[in-house]
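Undergrad: take this sequence and fold it.
(chains A and B)
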2 protein chains.
Amino acid sequence: MTDTFPSRSNCPINYAVESFGDKWTLLIIRDLMFKAKQSYGDFLTSSEKISTNILADRLKRLEELGIVMKEVNESNRSRVIYSLTQKGLDLLPIMLELTEWSGKYDAQTSASQAFLERIAKDKQRLIREIRATWEYT
Amino acid sequence: MTDTFPSRSNCPINYAVESFGDKWTLLIIRDLMFKAKQSYGDFLTSSEKISTNILADRLKRLEELGIVMKEVNESNRSRVIYSLTQKGLDLLPIMLELTEWSGKYDAQTSASQAFLERIAKDKQRLIREIRATWEYT
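TA: Numbers count the residues shown, from 1 in each chain, chains lettered A, B, ... in the order given. Next comes the predicted model:
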């Protein structure tokens, strides 16, 4: 980790911003976590229009940090598949808290009221349910 | 909000990264939330060594977003005091989740084991307790 991080401090908030504190990384994690996207081409179609060079850079960094892993599809060796590691999946509670906060403060939010209510009412059960779906994949 | 945001999308994760997706903003929020820092000079002393121009830029943006407010001290008009608004204080659950995740994955974390255990064991009570201390300030 020493090489990957400038080590500005050992503060846990600093570790988080060093890992994904930029305008794009959490969008890639969102696509992997909630939108079943898994290929380079999938990420490029998201509405925020990430550029190919930023995408390549962030995927490489996420792999180095152990948040994302990549596999080459055996039947089509040009197809590379990305997925979240355990460390990446453990970002779920953070992603739900971010969703709840934005749902409260962004008047234009696209988050559905039903999903926001589930987060607010029983976050722990929602986390268990989402985690359970991952265990079968 | 239209002016402040490039409006890449209305996704709640995008709203969060547009608000504080960079290497510095969450460190300022940490200082206000957990370290009783409140002045420009206070923020400059943090271990990550934020520069004056980045600090000024981020504080201005946090004010525009309604996350931070500033007051001029009546007895010393050159002293400006920053604090979190309700929208800023509502970032507490996110900050605790970030702390928990980093505490789990950063071998060099400075987060105390006792604090990490409190987050893991009874996050809701911890949130209530921290919120209660703010109500007296």
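Undergrad: got the angle for the longest helix along chain A vs helix B:113-135?
TA: In chain A, taking DSSP state H as the definition, the longest helix is helix A:113-135. Helix A:113-135 runs at 180 degrees relative to helix B:113-135, counting by axes from the mean of the first three to the mean of the last three CA atoms, to 10 degrees.
Undergrad: what is helix A:113-135 packed up against?
TA: Under the contact criterion of 3 or more CB pairs under 8 Å, 6 or more residues apart in numbering or on different chains; DSSP states H and E, helix A:113-135 touches helix A:92-105. In short, each C-beta sits where N, CA and C put it, glycine included.
Undergrad: what comes into contact with the longest helix of chain A?
TA: Counting by CB atoms under 8 Å, 6 or more residues apart in numbering or on different chains, the neighbours of helix A:113-135 from elsewhere in the structure are A:89, A:92-93, A:96, A:99-100, A:103.
Undergrad: and the angle for it with helix A:92-105?
TA: Orientation note: helix A:113-135 sits at an angle of 170 degrees relative to helix A:92-105 (the same axes, to 10 degrees).
Undergrad: list the buried residues for helix A:113-135?
TA: Residues of helix A:113-135 classed as buried under the neighbour-count rule (16 or more other CB atoms under 10 Å in any protein chain shown) are A:115-116, A:119, A:123, A:126.
Undergrad: rewinding a little: okay, the contacts of helix A:113-135 in JSON lines with neighbour count, pLDDT and distance to chain B next?
TA: Converted to JSON lines, the contacts of helix A:113-135 look like this (neighbours: other CB atoms under 10 Å in any protein chain shown; pLDDT from 0 to 100; distance: CB to the nearest CB, whole Å):
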{"residue": "A:L89", "neighbour count": "16", "pLDDT": "97", "distance to chain B": "11"}
{"residue": "A:L92", "neighbour count": "20", "pLDDT": "98", "distance to chain B": "9"}
{"residue": "A:P93", "neighbour count": "20", "pLDDT": "97", "distance to chain B": "5"}
{"residue": "A:L96", "neighbour count": "22", "pLDDT": "98", "distance to chain B": "8"}
{"residue": "A:T99", "neighbour count": "22", "pLDDT": "98", "distance to chain B": "4"}
{"residue": "A:E100", "neighbour count": "20", "pLDDT": "98", "distance to chain B": "8"}
{"residue": "A:G103", "neighbour count": "20", "pLDDT": "97", "distance to chain B": "6"}
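Undergrad: show me which of the residues you listed is closest to B:P12.
TA: Closest to B:P12 out of those is A:T99 (4.4 Å), distances taken as CB to CB.
Undergrad: contacting residues for that closest one?
TA: A:T99 makes contact with A:111, A:115-116, A:119, B:12-13, according to CB under 8 Å, 6+ apart.
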